[in-house]
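Enquirer: Dropping a prediction and its sequence here:
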Amino acid sequence: MAQPTPRIIKETQNLAKDKVQGIDVTPDPHNFKHFYVIISGPPNTPYEGGVFDVELLLPDDYPMSPPKCVFNTKIYHPNIDNLGRICLDVLKDKWSPALQIRSILLSIQVLLSSPNPDDPLNNEAANQWKTNEGLALMKAREYTQKYAKKH
């Protein structure tokens, strides 16, 4: 069976030791490449008060390739589709081996605070954000209250 690389061991230890506010990370005890993540909705956003379940998977060639991240909690956001896939530059073409799991999770948290309707995965939400942001924020709040309840 494969063993974690020194880098994965160090990153996992750092995540446990130096916690990020609003992000709780639990490594899968049976798979060192699989992390369960709980992201608290950032304050002053329609996601505030919500608890979002995200999974992070490291590819076999990590850190040469970015982690795969998916929201398991349903969310109304222009950059997250209804399958939970995330459109984020650091998970695609802006990935660099210098980045770490921690920086990816922080980027996802920032994305919740600052949706980017110009690079959408959820076109309906992006169009709503562009044409009637108030309505989009209201719908995002409704989704948060309905699907992202505290456990």
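Expert: Here it is on my side, so go on. Numbers count the residues shown, from 1 in each chain.

Enquirer: so where do the strands sit in the chain?
Expert: Read by DSSP state E, the chain holds these strands, from start to end of the chain: 23-28, 31-40, 51-57, 68-71.

Enquirer: Looking at the ones you listed, spot the one closest to Ala126.
Expert: Closest to Ala126 of these is strand 68-71 (CB to CB; 16.2 Å). From N, CA and C alone the C-beta is placed, and that goes for glycine too.

Enquirer: ok now do the residue nearest to the spatial centre of the chain, which residues does it touch?
Expert: Central residue of the chain (CA atoms, centre = their mean): Ile108, 4.1 Å from the mean position. With contact set as CB atoms under 8 Å, 6 or more residues apart in numbering, Ile108 has these partners: 39, 54, 69, 86, 88.

Enquirer: got the strands of the chain as a markdown table, with mean neighbour count, mean pLDDT and distance to Ser96 columns?
Expert: Output for the strands of the chain, formatted as a markdown table (neighbours: other CB atoms under 10 Å; pLDDT from 0 to 100; distance: least, CB to CB, whole Å):
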| stretch | mean neighbour count | mean pLDDT | distance to Ser96 |
| --- | --- | --- | --- |
| strand 23-28 | 16 | 96 | 21 |
| strand 31-40 | 18 | 97 | 19 |
| strand 51-57 | 19 | 98 | 17 |
| strand 68-71 | 19 | 98 | 16 |
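
Enquirer: quick revisit: tabulate the contacts of Ile108 (TSV), appending distance to Ala136.
Expert: Compiled in TSV, the contacts of Ile108 are given as follows (distance: CB to CB, whole Å):
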residue	distance to Ala136
Ile39	20
Val54	21
Cys69	22
Ile86	18
Leu88	19
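
Enquirer: Nearest to Ile101, out of those: which one, please.
Expert: Ile101 has its nearest neighbour among the contacts of Ile108 in Cys69, at 9.7 Å by CB to CB.

Enquirer: so what secondary structure elements neighbour the top helix by length along the chain?
Expert: Secondary structure of the chain per DSSP state H: the longest helix is helix 133-147. Using 3 or more CB pairs under 8 Å, 6 or more residues apart in numbering; DSSP states H and E as the contact test, the elements touching helix 133-147 are helix 123-131.

Enquirer: Done for today, thanks.
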